[in-house]
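*Asks:* Dropping a prediction and its sequence here:
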Amino acid sequence: MKLMNISLFSGVIFAFLIIYLGSKENTVNYKVQNEKSVMGIERSSYGVTENDEKIDVFKLYNLKGIQVSIITYGGRITAVETPDKNGNKENVVLGFKNLEQYEKPNPYFGALVGRYGNRIAKGKFTLNNIEYQLAKNNGENSLHGGLVGFDKVVWKVEKIEENETSVVLKLSYLSKDMEEGFPGNLKTTVTYTLNYDNSLDVLYEATTDKTTILNLTQHSYFNLSGDFSHTILDHVVEINADKFVPVDNTLIPTGNLASVDDTPFDFRAPTLVGKHINSKNEQVTLGGGYDHCWVLNNQGKGYRSVAKAYHPDSGRTMEVLTDQPGMQFYTGNFLDGTLPTPNGGVFGKRSGFCFETQHYPDSPNQPQFPSTVLDPGEKYETKTTFKFSVN
Ligand code: BGC
């Protein structure tokens with residue numbers, strides 16, 4: 001009898017201990033002070049690179065909405081889990097299972113892109129009468145910052161902050177003078193802020209000690225269906241742009257800006273991505289689909305709403321706000337079924353789209369385009385927001 005009591009007693013203590021530890025586990029990483037305090041940020045190890053550098057993953061979450069995962073390798077967004085119209089949460093950005101896969105060649109999945117997002121003709125430009133030659137990583141041209149761009153470097157964690165209605169992760173990277181051929185020691189910070197309204201702000205800041213060029217962007221591929229075996233052709237897209245940047249057969253701008261009137265580039269009203277993507281239009285053919293920079297309207301207004309994507313079946317919607325003059329809308333035309341999804345499938349052609357807010361491609365060689373020059377003493381500062389909701 002005595003023995004039974006002791007074992008019953010220890011059983012009860014054990015059960016309490018489990019419940020206590022369990023609840024501690026649940027509360028240790030976020031604060032629930034009032035209805036709005038459902039936001040938090042968790043840090044854990046994501047592995048070690050080939051060069052023995054430790055990589056962390058941060059989960060920024062809003063228990064009433066979305067969760068964003070970001071790794072310090074390339075400052076890459078590896079997942080954005082968002083609810084559909086029935087409240088089912090799924091990841092809506094293309095990503096890989098582990099660090100090893102991110103280190104293998106891949107088309108900038110989720111990455112911070114710099115120093116120059118998009119293409120520069122023949123990888124050359126001139127500043128103050130000095131000609132600079134960049135690495136070419138796209139045949140003739142340079143693309144997305146060279147061979148080891150900002151997507152492949154390890155970002156330092158500058159700040160982690162939990163506020164009542166937002167959580168903040170600030171990353172930094174010092175790109176040395178002439179790294180990848182660009183002049184100037186460039187100090188860059190990128191601050192990701194997840195807000196209670198399910199918007200993710202990306203704030204880019206930089207300074208240089210020599211005149212240089214700069215065009216930073218975020219290269220996430222979205223598929224709002226949450227099903228990567230599904231193309232994005234059934235997404236409805238709206239882009240507030242009367243013009244776009246036509247390109248030649250190496251995807252370098254011809255130098256003119258063309259009207260979207262009566263072309264497959266007119267997304268001023270909500271339009272199915274698949275509607276004209278296989279059209280015989282010369283520009284669509286050159287891109288193998290959409291792979292162009294749209295000249296965003298209301299440039300004088302600074303930060304403004306510029307685009308939306310909506311997936312009717314799931315109800316998921318994403319709005320983009322930016323102060324940038326352009327946005328590359330890329331429909332994943334070069335994805336070819338060779339890269340693995342995290343759950344055993346492959347990323348097929350057009351299984352994701354990018355909304356890369358930026359300056360126009362090849363601006364350093366196109367004096368008629370808005371300037372991408374950054375001088376010492378100046379501060380580069382630009383903000384883009386991806387806001388998720390359900391309709
Ligand atoms: C470019 C595409 C390129 C992709 C991946 C996009 O920003 O516009 O042409 O294939 O990035 O590198």
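*Replies:* Perfect, thanks for sending it.
*Asks:* which parts of the chain sit against the ligand?
*Replies:* Residues of the chain found near the ligand (C-beta under 6 Å from any ligand atom) are 107, 108, 251, 291, 328, 330, 334, 354, 356. In short, each C-beta sits where N, CA and C put it, glycine included.
*Asks:* What's the local residue count around the residue of the chain found nearest the ligand?
*Replies:* Nearest residue of the chain to the ligand: residue 107, at 3.6 Å (C-beta to the nearest ligand atom). Residues lying near residue 107 (other C-beta atoms under 10 Å) number 20.
*Asks:* That one and residue 338 touch, don't they?
*Replies:* No - look at residue 107 against residue 338 with C-beta atoms under 8 Å: they stay out of range, at 10.6 Å.
*Asks:* hang on, the earlier thing: can you tell me the closest non-neighbouring residue to the residue of the chain closest to the ligand?
*Replies:* residue 334 (6.4 Å; C-beta to C-beta, 6 or more residues apart in numbering).
*Asks:* Surely the one you found is within a helix?
*Replies:* No - counting by DSSP: H, G, I helix; E, B strand; the rest coil, residue 334 is not part of a helix but coil.
*Asks:* Verify the contact between it and residue 288 for me.
*Replies:* Yes - using C-beta under 8 Å, residue 334 makes contact with residue 288 at a distance of 7.2 Å.
*Asks:* Show me the helices in the stretch 1-150 of the chain, by range?
*Replies:* According to DSSP state H, counting those that start in this stretch, the stretch 1-150 of the chain carries its helices in the segments 2-27, 99-103.
*Asks:* need the contact list for the closest residue to residue 95 other than its chain neighbours.
*Replies:* Leaving aside its sequence neighbours, residue 95 sits nearest to residue 78 (C-beta to C-beta, 6+ apart; 4.3 Å). Neighbour list for residue 78: 57, 69, 70, 71, 93, 95, 96, 102, 110 [criterion: C-beta atoms under 8 Å, 6 or more residues apart in numbering].
*Asks:* picking that back up, quick check, pLDDT for the residue nearest to residue 107.
*Replies:* With respect to pLDDT, residue 334 scores 97.
*Asks:* Please work out how many residues are found near it.
*Replies:* By other C-beta under 10 Å, 12 other residues sit near residue 334.
*Asks:* returning to that earlier point: from the contacts of residue 78, which land in strands?
*Replies:* Counted as lying in strands by DSSP state E, out of these, are 57, 69, 70, 71.
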